[in-house]
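Engineer: here is the input, now give the coordinates:
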Amino acid sequence: MPNALHAARLAIVLVAALMMAACSQSQVESTDHSAGDPIHASGEHGSGSSAGLPTGHADAGDKLAHAKGKATGQSCVDCHGADGNAPIDPSYPKLGGQYGDYLAHALQAYRSGDRQHPLMTAQATALSDQDIADLAAYFGARQTQLRDLQGVN
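Structural biologist: Coordinates of the predicted model:
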């Protein structure tokens, strides 16, 4: 009987160890989105967008970010800086490195009128879903200068 009890305990320990090993490997795979991820490496973002947009292309977003809007005569980079990290006014947000979905939702809200700002509403009104996805991909792929509030009183 002691051998049967020992074998049962050993089987339980082995099953638990295998389950933990399987879980830890899936966590590594799901959190490692580095250069091996062809979507992020190519500058394409947004296919899984919570904003319901098509895949964004950073190269197309780069061109859009530098193009002057018809309604305002301004481009994105005129106010937010070439990489989205040098706004001309401290009240303007830094866009570089921001989450693409956040940028896409913000532009959609300006376009629909759910979010109000005279210049941004005028700029966003002319944007298609693809334009918004491309701009979100471009600014989301820039080097970030965003910071959190850690260490702030």
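Engineer: ok, residue 98 touching residue 144?
Structural biologist: Yes. Assessed by C-beta atoms under 8 Å, residue 98 is found in contact with residue 144 at 7.4 Å. For the C-beta atoms, the positions are set from N, CA and C on the backbone; glycine is no exception.
Engineer: nearest spatial neighbour of residue 138, skipping sequence neighbours?
Structural biologist: In space, not counting the residues next to it along the chain, residue 138 is nearest to residue 61; the distance is 2.7 Å by C-beta to C-beta, 6 or more residues apart in numbering.
Engineer: so for the helix or strand hosting that neighbour, mean pLDDT?
Structural biologist: Per DSSP states H and E, residue 61 falls inside helix 58-66. When pLDDT is averaged over helix 58-66, the result is 95.
Engineer: which residues touch residue 147?
Structural biologist: Contacts for residue 147 (C-beta atoms under 8 Å, 6 or more residues apart in numbering) come out as none.
Engineer: and it, how far from residue 119?
Structural biologist: Note on residue 147: its distance to residue 119, by C-beta to C-beta, to the nearest Å, is 25 Å.
Engineer: before we move on, what about residue 145?
Structural biologist: Taking C-beta to C-beta, one finds residue 145 at 22 Å from residue 119.
Engineer: pLDDT score for residue 8?
Structural biologist: pLDDT for residue 8: 72.
Engineer: in which helix or strand would I find it?
Structural biologist: Residue 8 belongs to helix 2-31, assigned by DSSP H and E.
Engineer: residue 92 now?
Structural biologist: Short version, using DSSP H and E: residue 92 is in no helix or strand.
Engineer: so how far is residue 80 from it?
Structural biologist: With C-beta to C-beta as the criterion, residue 92 and residue 80 are 6 Å apart.
Engineer: more neighbours: those two, which one.
Structural biologist: In this view residue 92 and residue 80 are compared by other C-beta atoms under 10 Å, and residue 80 has more residues nearby, 21 against 15.
Engineer: which phi and psi does the more buried one have?
Structural biologist: Per-residue torsions, residue 80: phi -100, psi -10 (degrees, to the nearest 10).
Engineer: how much space between it and residue 103?
Structural biologist: Residue 80 is 11 Å from residue 103, by C-beta to C-beta.
Engineer: try residue 51
Structural biologist: 9 Å.
Engineer: any shared contact partners between the two?
Structural biologist: What both residue 51 and residue 103 touch, as defined by C-beta under 8 Å, 6+ apart, is the set residue 136.
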